[in-house]
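Asker: predicted model, plus sequence, below.
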Amino acid sequence: MAIHQRPATPDSVLWQHEAEAHDDIATRTLGFWLYMMSDALIFAALFAAYGVLDQTTNLAGGPGAHQIVHPLAGFWQTLAVMTSVFAYSLASVAMKMRSQPGVILYITIALVLGLVFIGLELGDFARLIALGDGPDRSGFLSIYFVLIGTHGLHMAFGILWMLVMIVQVARSGFTPSIVARLLNLRMFWQFQASVWVCVYAFVYLRGAF
Amino acid sequence: MATHGQDPLLHSEVRQASTGGYFAGYAASIVLMLAALLVTQQHVLTYPAFLWVIFSLVVIALVAQAALFFGLGLSPAQAWKSVSLILTLPLFVFTIGLSVWMFHSLAPRVMPDTMPGMDMTQQPTLLE
């Protein structure tokens, strides 16, 4: 904490009514971190439901995980999401270097890779639905679509957030609010990589055994 | 730490960014998931052994991401994030583990037709 030593003057106050060195950015990132912890519990509930419904009784004659997941195709998604997170991480290195064009360039790369990820996922969904194996086919397929789709929805909101940040950085530069938002988006985007590691192992790899 | 009126880019969370650390986290994530993919495609392990290998690789990947991406640690700037994560993890594990365990042991106990070699007529009653 930065302490400002001031000489005593006749109008010095005896006490401060609020903390003098209030760390706004740290407060905002901790608050966002706590949101992410509660978001992790939403995923925990979905993983639990997936674990319960991934059973022969819940297939209702439809395909099981073994028939619908392709771990190698899922690995391209892993590659897309990890590279996107790495690109966003480089954007925060560019922010440290005070480079506005650098931040915009790397966020754009992260955004494009995020779109690639979502495109691959929507392709999977479209193929399944075309075969008549949509979320209404069985209990298992319902939770499959909801679990994968919830992660995809997070990715979509991250992409929307990136679009907003590109505009804000281009227009206003590194104001305290924008820096706090860029830091929160970094955590949010890295968090999607962590969730994807769990989804990939739990659904794609375990399903392919 | 940044305070009102100071340059926000001097904040410790901005300074924490490092290309080397992020690259290490990226490389670790890719290599560990590639290893998990190869283990899956080999089809040589038994199911429990396979689960343990995959689970271990996932845990290592998540720890690498926590340290190298999020920069979690015990420094005053990060301590509360680490604490809240450590308090959340048991909830995460218990929610999944207990639900799955409960339903998997429930199915064989209450669904006679899922029990091999037994049908409803041979079901013992409570008094037997």
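Answerer: Okay, I see it.

Asker: next, count neighbours for the nearest residue to A:Y106 once chain neighbours are set aside.
Answerer: Of all residues not flanking A:Y106 in the chain, A:A91 sits nearest, at 3.5 Å (Cβ to Cβ, 6 or more residues apart in numbering or on different chains). The way it works is simple: take the backbone N, C-alpha and C, and place the C-beta from them, glycine included. Using other Cβ atoms under 10 Å in any protein chain shown, A:A91 has 27 other residues around it.

Asker: equivalent analysis for the one 3 residues further on, please.
Answerer: Here the number of neighbours of A:A94 (other Cβ under 10 Å) works out to 20.

Asker: which helix or which strand is home to it?
Answerer: helix A:71-96 (DSSP states H and E).

Asker: give me the mean pLDDT for that helix.
Answerer: Average pLDDT, helix A:71-96: 96.

Asker: I'd like to know how far the closest residue to B:V100 other than its chain neighbours sits from A:F188.
Answerer: Spatially, and ignoring its direct neighbours in sequence, B:V100 is nearest to A:G51 (3.7 Å; Cβ to Cβ, 6+ apart). From A:G51 across to A:F188, the span is 26 Å (Cβ to Cβ, to the nearest Å).

Asker: next one: A:P135
Answerer: Where A:F188 is concerned, A:P135 sits at a distance of 26 Å (Cβ to Cβ).

Asker: neighbour count winner among those two?
Answerer: More neighbours surround A:F188 than the other of A:P135 and A:F188, with 20 against 17 (other Cβ under 10 Å).

Asker: so who does that one touch?
Answerer: Listed by Cβ atoms under 8 Å, 6 or more residues apart in numbering or on different chains, the contact set of A:F188 reads A:32, A:36, A:154, A:158, A:161.

Asker: can you tell me the element the nearest residue to the fourth one once chain neighbours are set aside falls in?
Answerer: What that stands for is A:G158. Setting aside the residues directly before and after it, A:G158 is nearest to A:W189 in space (Cβ to Cβ, 6+ apart), at 5.5 Å. If you go by DSSP H and E, A:W189 is part of helix A:176-199.

Asker: now that helix: buried residues?
Answerer: Judged by neighbour count using 16 or more other Cβ atoms under 10 Å in any protein chain shown, the buried positions of helix A:176-199 are A:176, A:178-199.

Asker: got the CA coordinates for that helix in PDB?
Answerer: The C-alpha trace of helix A:176-199 is given here as PDB (Å, rounded to 0.1, in the frame of the first residue of the first chain):
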ATOM      1  CA  PRO A 176      -7.900   2.500 -14.800                       C
ATOM      2  CA  SER A 177     -11.300   1.000 -15.600                       C
ATOM      3  CA  ILE A 178     -10.200  -0.400 -18.900                       C
ATOM      4  CA  VAL A 179      -7.000  -1.900 -17.400                       C
ATOM      5  CA  ALA A 180      -9.200  -3.600 -14.700                       C
ATOM      6  CA  ARG A 181     -11.500  -5.000 -17.400                       C
ATOM      7  CA  LEU A 182      -8.600  -6.300 -19.500                       C
ATOM      8  CA  LEU A 183      -7.300  -8.000 -16.400                       C
ATOM      9  CA  ASN A 184     -10.700  -9.600 -15.600                       C
ATOM     10  CA  LEU A 185     -11.100 -10.700 -19.200                       C
ATOM     11  CA  ARG A 186      -7.600 -12.300 -19.000                       C
ATOM     12  CA  MET A 187      -8.800 -14.400 -16.000                       C
ATOM     13  CA  PHE A 188     -12.100 -15.200 -17.700                       C
ATOM     14  CA  TRP A 189     -10.400 -16.400 -20.900                       C
ATOM     15  CA  GLN A 190      -7.800 -18.400 -19.000                       C
ATOM     16  CA  PHE A 191     -10.600 -19.900 -16.900                       C
ATOM     17  CA  GLN A 192     -12.300 -21.200 -20.100                       C
ATOM     18  CA  ALA A 193      -9.000 -23.100 -20.900                       C
ATOM     19  CA  SER A 194      -9.200 -24.700 -17.500                       C
ATOM     20  CA  VAL A 195     -12.800 -25.700 -17.900                       C
ATOM     21  CA  TRP A 196     -12.100 -27.100 -21.400                       C
ATOM     22  CA  VAL A 197      -9.300 -29.300 -20.000                       C
ATOM     23  CA  CYS A 198     -12.000 -30.800 -17.700                       C
ATOM     24  CA  VAL A 199     -14.600 -31.100 -20.500                       C
END
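
Asker: please give the element, helix or strand, for B:P76.
Answerer: Short version, using DSSP H and E: B:P76 is in no helix or strand.
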